[in-house]
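In: return a 3D structure for these sequence lines:
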Amino acid sequence: MLQTLKKAFWLFGVAVFLLIIFLPGYTKLQDLKDRSADLETKIKRLKMENALLQEEIHRLETDPFYQEKIVRDKMGVVRKGEVPVKIVPGKSR
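Out: Predicted coordinates:
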């Protein structure tokens with residue numbers, strides 16, 4: 001009986017010792033896996049954004065109607081003979 005109690009005590013001691021040694025490494029591994037998953041998600045989002053920007057660049061280079069729309073919206077350019085109308089908001093009372 002005493003012999004099995006000694007073996008159980010030593011087994012418990014070894015288990016606690018191994019837990020103390022490997023637990024910090026395991027938690028760091030889990031943190032790194034979480035960070036890796038976050039970075040993978042960010043990479044996918046950036047690739048999608050990059051594809052959309054590449055598509056817009058292509059449209060700007062090849063589509064004259066899109067070019068005109070951008071120039072009119074961003075720069076306020078008008079065609080010859082058009083009269084620009086500027087709406088100024090009134091002061092609130």
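In: quick one: residue 22 from residue 31, how far?
Out: 15 Å (Cβ to Cβ, to the nearest Å). Glycine gets a C-beta too; all of them are placed from N, C-alpha and C.
In: all helices of the protein, in order?
Out: Taking DSSP state H as the test, the helices found in the chain are 2-62, 64-70.
In: make a markdown table from those helices and add mean neighbour count and distance to residue 92 to it.
Out: Output for the helices of the chain, formatted as a markdown table (neighbours: other Cβ atoms under 10 Å; distance: least, Cβ to Cβ, whole Å):
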| stretch | mean neighbour count | distance to residue 92 |
| --- | --- | --- |
| helix 2-62 | 10 | 37 |
| helix 64-70 | 12 | 32 |
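In: where does pLDDT dip in this structure?
Out: In the predicted model, the chain carries pLDDT under 70 at residues 93.
In: right, and residue 70 touches residue 61 too?
Out: No - in terms of Cβ atoms under 8 Å, residue 70 does not count as a neighbour of residue 61; the distance is 11.8 Å.
In: name the residues contacting each of the two.
Out: Taking Cβ atoms under 8 Å, 6 or more residues apart in numbering as the contact definition, residue 70 and residue 61 share no neighbouring residue.
In: how close does the residue most central in space within the chain get to residue 54?
Out: When the chain is reduced to its mean C-alpha position, the nearest residue by Cα atoms, centre = their mean turns out to be residue 42, at 2.9 Å. Between residue 42 and residue 54 the distance, using Cβ to Cβ, works out to 18 Å.
In: again, but for residue 25
Out: Per Cβ to Cβ, residue 25 is found 42 Å from residue 54.
In: again with residue 67
Out: In this structure, residue 67 and residue 54 are separated by 17 Å, where distance is defined by Cβ to Cβ.
In: ditto for residue 75
Out: Counting by Cβ to Cβ - residue 75 and residue 54 are separated by 23 Å.
In: and residue 6, by the same measure?
Out: Spatial separation of residue 6 from residue 54 under the definition Cβ to Cβ is 71 Å.
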